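> Any chance you can model this:
(chains A and B)
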Amino acid sequence: MPVSSVFETTIERLSILEPDGTFDESLGKNLIPDQDLVDLYRHMMVCRQFDVIAFKLQRSGRMGTYPENRGQEATSLGAAYALQQSDWLVTCYRENAGLFWRGLPMEKILLHWMGDERGNHIDPDLHITPLAIPIGTQMLHAVGLAWADKYRDEKSISCTFFGDGATSEGDFHEAMNFAANLDIPTIFFCQNNGWAISVPTKIQCSAPTVAQRALAYGMRTIQVDGNDIFAVVKAVRDAAEVARTESRPSFIEATTYRLGDHTTADDARRYRDADEVSKWEKQDPMIRIRMYLEKRDLWNENKQNEMQAEAEKLISEVVKRAEEIVDPVCNDMFDSMYASMSDNLKAQRSTLRTSSLGQNPSQLPLKDKAHA
Amino acid sequence: MAIKQPTDKSHFLLPDLGEGVAEAELISWKVQAGDDVAEHQTLAEMETDKALVEVPSPWSGKIKELHGNKGDIIDVGSVLVSYGSGSAATDNAGKSSDDESSGQEEDAGTVVGNVSGELTMPASFSREAAPSVASGSKSLATPAVRRIAKELDIDINVVNGSGRGGRVTASDIQAHATAGSSPAPVASRPVAAPTAPAAAVPATVAPEPDTAAPMPLAATRVAIAPEGTVEKIPFQGIRRKIAQSLHHSVQTTVHFTVVDEADITRLDQKRSGFESLLGNRLSLLPFIMTAVCAALKKHPSLNANVDDFMEEIHIKGPVNLGCAVDTDHGLMVPVIHGAQDLTFVQMSERVRELAGACRNRSVPRESLAGGTFTISNVGSAGGMFATPIINYPEVAILAVGRAKETVLTRNGAFYAGLVLPLSLSCDHRVVDGAEGARFLNTLVGLLEAPETLLPEV
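Numbers count the residues shown, from 1 in each chain, chains lettered A, B, ... in the order given. Now for the predicted structure:
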C-alpha cells in the first residue's frame, strides 16, 4: 500500500482595504454602504478618545487598571456591525468598539475598571456578557449560550473574542471541540495582536498561523487582516451565514496589533522594538478608512476637527456620569456571582466587617505585621 | 491600593500608578506653582518599578504647591500637588509622622481597584477633620523630610522650620537631632519597612527580607566643609541599595576574615587545556566556583542563611552561588541556583549569561535572590587579599585575588608557580575561626589537585 494523502488544505487570508488605500472592488463593493462607513469611522474616533481619557483616569488615580484598545478597534467593531442585535457578543477586555456599537453605555466600561460591580449590570437585550478578565474562560460561555439558543430553537448565534495567547489554553480546546462536534453556531474570533502580554505568538504557537489550529477540530477557518474593517465584516458575515443556515462554527484569525501597553500596569517598551510599533502605526485601521473616505469625498479635515471636538465633549460627559454615581458598597461583590447566593457567601457577606478583617496578615496595621 | 482623593480638590494624592505599586520616584515636574492646569494635563513624570509614566491632573485648577523634588521617592497616598490660591501657611497636608501607628488598613494591590471605598480613606485626611490639640499646629514638610524625622524618632511638629512658609527641611531635622533637644537618635534601630520592596530599583545587592529592613543612611549630621566640593551626588538608586545592604550586613553580622594562597599552576594548565579543547576563552572563575561547591559539601555550615528575626540558622542543601558583578550602575550579585549540579562548562556559561544580564539590567529578579554563598572576584580588577563583606543573610563570602606568578619551593627546591590569593569572611556568630580555616584548607587542596575536581582533558 503506497503512502497516500488523506487530507490537504490551505489557509486563506482575506484583505480588502490595504494599508496604502488599495481597495479590492470585487470583494468590497456594496459590503458597507458609504453612510455606514462614515458612522463606523466616527464611532472609532469616539472609541479612541475614550481610550485616551480612560488611560489618564487610571494615571490620576480615578480608575483602576485599564487595557488600551488603540489599534484594535476594527476587529470587534467590524464583527459587531456584521452581526445582529440578537447574536451574543462574548468578549474579553479589548473590544470596547464592538460593545459600544452594540449599545453598551460607555460609562459601564469605566465603572467596571473602577471596580464597581454596576459596570457589569448589562441590559439583557444587548446580548453582551460582562468583560472576561481570566484568559479564555469566555469561549466556553459563548459555546454554551449558542448551544442553549439552538436547543430552544432561537436562531441566534454567538461570537466570542479572545487573543492569540488564549488559543494556548485548555479552555480553548474544550470550547472548540464542543462547538465543532456538536454543531454549535459559534464564531471564534481570535484577535492575534502578536503578543500574549510580553510573550510573542511564535513562542507559544509553532504553527505559522493561529487559524490552522481550527483545522484540528474540523472547523472552517480563515485569516483576515484585522486592521481592515471590510475584511473583518466580510469574514464575520460569511461565518454568521454558515452558523445560521448550517448551524456550524467558524474560526477567524484577525491579525492586528495593540499600539499601547497590555494594560496600564505594563510597559511594552520593555519587550517590544520601537521599529515594530512604528511599522504597525502605519497600519492603523483608522488611517486607511480615513484615506478611503477622503478619496470618495465623504470626509475632510473640517469634519475630522468637528468630530474630534464632539468626541471630546461626549467622553467628558461619560466620565462625569461614571464619577457622579453614588459610591458602591462592599456587598456588591457578593450579589452578582450566582442567581441565588450560596450559604457560605451569605455568611461572608454578613460578617465582612467583623470577621474577615484581620484574618489576612496583609490587612493588619503595620505595627502588628511583624508578629503575624 | 485605592486612594480616595479629597472631595474639595485641594490636594492630589499620588495614586497607584500601576497594579499594587506602593511608591514612585519623581523624575521631573511638568508644571510649577502658580500655573493654571487643565484636567488631564501632565503634572509630572514618575518612575515606578514597572514603567516611566506621566501623571495627569485629575481636575483643572491653580497649582498652589508641588510636594517633592526630582529624585524623591514618593509614597502612594502622599500629597503630590496642592491646588488653590490660598497661602501655603494654612496647608496642613502631607503624611504625618505617625501614620503607621494609626491603625490604617492598607489594601494590598487589587486587580480592579477600590470596591470598598470607606476602608481606604488616607489617615492624613481623616485626621485633618479633627485637628490635633496636644501638639498645637502641625508642621509643614515634604514626605521625604517626614520620613527622615520618623526614622530618627523625632516629632516633626516640635522642629522649627527654616524653609519657605515655615517649612521644616532636612537640615532642620538634622540640626534638631544634633542639638539633642529630642531623645537621642538611635542610629542602628531598623525602621519599619516601606509597605512594599523599594521596587524602583530593579536590581539590588541582596533581597531584603521584610523582617530585616535596612536602616536609613542618615544618622547624625557631620559637618562637611563646603569648600572644594565639585559635585554633590544624591545618595540614591542602586548606590543607596548597596549602601543599605552592606551597612545592614556589617551592623548585624560579626565578621572575621581568614586568608590563604593556593598554588594553581596545574589548575591553570588544565584551564588552558580546556580552553584549546573548547575553542573559547575560559576564566579561572568557573573552576573556582566548582571547587567552592565541592568544599561547601564538606563544610555545609558555610552554606547557610541566618534568620535573625526568628533566631534560626538555615543550613542549605543546594548551593545557590552568588557571584559579585561590577556594572556601570554599581555592584550586583546574580545567583546561580543549584550550582552544585553544574559542570564547570555550564557554570562558565551561566556566569557569562548572568553577568551580561546584570550589565544591561535585564536580569530577572529571582536571579538576584536566594543566595547561600557568594564569590567576589576582586582579582579581575586587581589586588591580592581583601576583607569582603558578607552578603547578608548569607554567612560567608570568598574574595578571589589576582593570580600572580611567583617563586615557590617544593622539597627544598625553588620553582616558578602561579599563586591565587584567597580571602574568606565568615559570620562568627555561625562559623568559628577553625571551621573557616578548615573550609579554606579544603578549598586550597581542591584547587591544588585539579584532577580530583575535573575530568581529564
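> So, low pLDDT: which residues of chain B?
Along chain B, the parts satisfying pLDDT under 70 run over B:1-2, B:86-138, B:164-165, B:179-219, B:455-457.
> Show me it divided up by domain.
B:11-179, B:253-452 (automatic domain parsing).
> So for chain A, which of those sits nearest?
domain B:11-179 (2.3 Å; CB to the nearest CB). (Each C-beta comes from the backbone N, C-alpha and C, glycine too.)
> So which bits of stretch B:424-441 are buried?
B:424-427, B:430-431, B:436, B:438-440 (16 or more other CB atoms under 10 Å in any protein chain shown).
> of those residues, closest to B:Q340?
B:Q340 has its nearest neighbour among those in B:F439, at 15.2 Å by CB to CB.
> Please determine how far that closest one is located from B:G379.
Going from B:F439 to B:G379 by CB to CB, to the nearest Å gives 19 Å.
> swap in B:I313?
30 Å.
> returning to what we had before: let me have the domains of chain B in a markdown table, adding distance to A:L57 as columns.
What follows is the domains of chain B, written out as a markdown table (distance: least, CB to CB, whole Å):
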| stretch | distance to A:L57 |
| --- | --- |
| domain B:11-179 | 8 |
| domain B:253-452 | 30 |
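> picking that back up, could the buried residues of stretch B:424-441 go into JSON lines alongside distance to chain A?
JSON lines is the format used below for those (distance: CB to the nearest CB, whole Å):
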{"residue": "B:L424", "distance to chain A": "33"}
{"residue": "B:S425", "distance to chain A": "29"}
{"residue": "B:C426", "distance to chain A": "28"}
{"residue": "B:D427", "distance to chain A": "23"}
{"residue": "B:V430", "distance to chain A": "23"}
{"residue": "B:V431", "distance to chain A": "28"}
{"residue": "B:G436", "distance to chain A": "32"}
{"residue": "B:R438", "distance to chain A": "37"}
{"residue": "B:F439", "distance to chain A": "34"}
{"residue": "B:L440", "distance to chain A": "37"}
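> Mind checking which of these are in helices?
Using DSSP state H, the members of the buried residues of stretch B:424-441 that fall within helices are B:436, B:438-440.
> out of those, who's nearest A:H127?
B:F439 (71.9 Å).
> Excluding chain neighbours, give the residue nearest to the closest one in space.
Nearest residue to B:F439, sequence neighbours excluded (CB to CB, 6 or more residues apart in numbering or on different chains): B:H299, at 4.3 Å.
> ok, how many other residues are close to the one you found?
Residues near B:H299, counting by other CB atoms under 10 Å in any protein chain shown, number 18.
> Check the one 4 residues further on too.
Other residues near B:N303 number 26, with proximity taken as other CB under 10 Å.
> What about the residue nearest to B:G84 when sequence neighbours are not counted? Give its phi and psi, please.
Using CB to CB, 6+ apart and skipping residues adjacent in sequence, the residue nearest B:G84 is B:K64, 4.9 Å away. B:K64 has phi and psi values of phi -90, psi -40 when expressed as degrees, to the nearest 10.
> now do the one 10 residues further on
Here is the backbone geometry of B:I74 (degrees, to the nearest 10): phi -110, psi 130.
> contacting residues around A:L293?
A:37-38, A:41, A:299 (CB atoms under 8 Å, 6 or more residues apart in numbering or on different chains).
> Any idea how far apart the tips of stretch B:64-81 sit?
Across stretch B:64-81, the terminal residues are separated by 8 Å (CA to CA, to the nearest Å).
> ok, the contacts of A:L293 vs chain B, which is closest?
A:Y41 (24.1 Å).
> Give me the domain ranges for chain A.
A:13-324, A:332-369.
> Pick the most buried one from those.
Comparing these by mean neighbour count (mean count of other CB atoms under 10 Å in any protein chain shown), domain A:13-324 ranks first with a mean of 20.
> chain center to that domain: distance?
4 Å (CA atoms, centre = their mean, to the nearest Å).
> Same question for stretch A:319-330.
24 Å.
> List the contacts of A:S198.
By CB under 8 Å, 6+ apart, the contact list for A:S198 reads A:262, A:266, A:268, A:270-271.
> among these, which two are most distant?
Largest pairwise distance in those, by CB to CB, is 10.8 Å, between A:H262 and A:R270.
> picking up where we left off before, neighbour count winner among B:I313 and B:G379?
Counted by other CB under 10 Å, B:I313 and B:G379 do not tie: B:G379 has more neighbours, with 21 against 17.
> Identify the residue nearest the more buried one in space, chain neighbours excluded?
Nearest residue to B:G379 in three dimensions, chain neighbours excluded: B:R402, at 3.7 Å (CB to CB, 6+ apart).
> Which helix or strand contains the one you found?
Under DSSP states H and E, no helix or strand contains B:R402.
> I figured it hits B:N377, correct?
No. B:R402 lies out of contact with B:N377 (CB atoms under 8 Å); the separation is 9.5 Å.
> Look at those two and report which has more neighbours.
Per other CB under 10 Å, whichever of B:R402 and B:N377 has more neighbours is B:N377, with 21 against 15.
> wait, what's in contact with that one?
So B:N377 contacts B:285, B:323-324, B:399-400 (CB under 8 Å, 6+ apart).
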